[in-house]
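Student: Build me a model:
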Amino acid sequence: MWHRKEGDNLILTLHVQPGSKKTEIAGLHGDALKIRLAAPPVEGRANSKLLAYLAEKFEVPVRSVTLKQGETSRRKVVSIYGSGISAESLLDTNT
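Tutor: I've put the predicted structure just below:
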């Protein structure tokens, strides 16, 4: 399963593809949610873009989104605090 709840935190397992033409949800990739990012994988730019994108999707401040694992990897684990948005809703829309 690519998401789980831990108290008020939503934990997501992601497969991130930096350097794409646009930032979007690309569906499931094994046991992870695939996200294409319009940001290069240099100097933390892709990670910053990812956290900002997830904050927007889950309607929380960027400070509520934390990269827990995978700083230099395509496979990442992210924690989102205090969102009322369900993880499944990300699969309903491709924006």
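
Student: Check the gap between Leu37 and His3 for me.
Tutor: 19 Å (CB to CB, to the nearest Å). (Each C-beta comes from the backbone N, C-alpha and C, glycine too.)

Student: err, Ala39, not the other one
Tutor: According to CB to CB, Ala39 stands 22 Å off from His3.

Student: who has more neighbours, the two?
Tutor: Taking neighbours as other CB atoms under 10 Å, Ala39 and His3 compare with Ala39 leading, 20 against 17.

Student: who's in contact with Leu11?
Tutor: Just so we're on the same page, residue 11 is Ile rather than Leu. Applying CB atoms under 8 Å, 6 or more residues apart in numbering to Ile11 gives the contacts 3-5, 68, 77-80.

Student: Return the residues in contact with Arg45.
Tutor: Contacts of Arg45 (CB under 8 Å, 6+ apart): Ala39.

Student: same check, this time on Val60
Tutor: Taking CB under 8 Å, 6+ apart, one finds 80-83 in contact with Val60.
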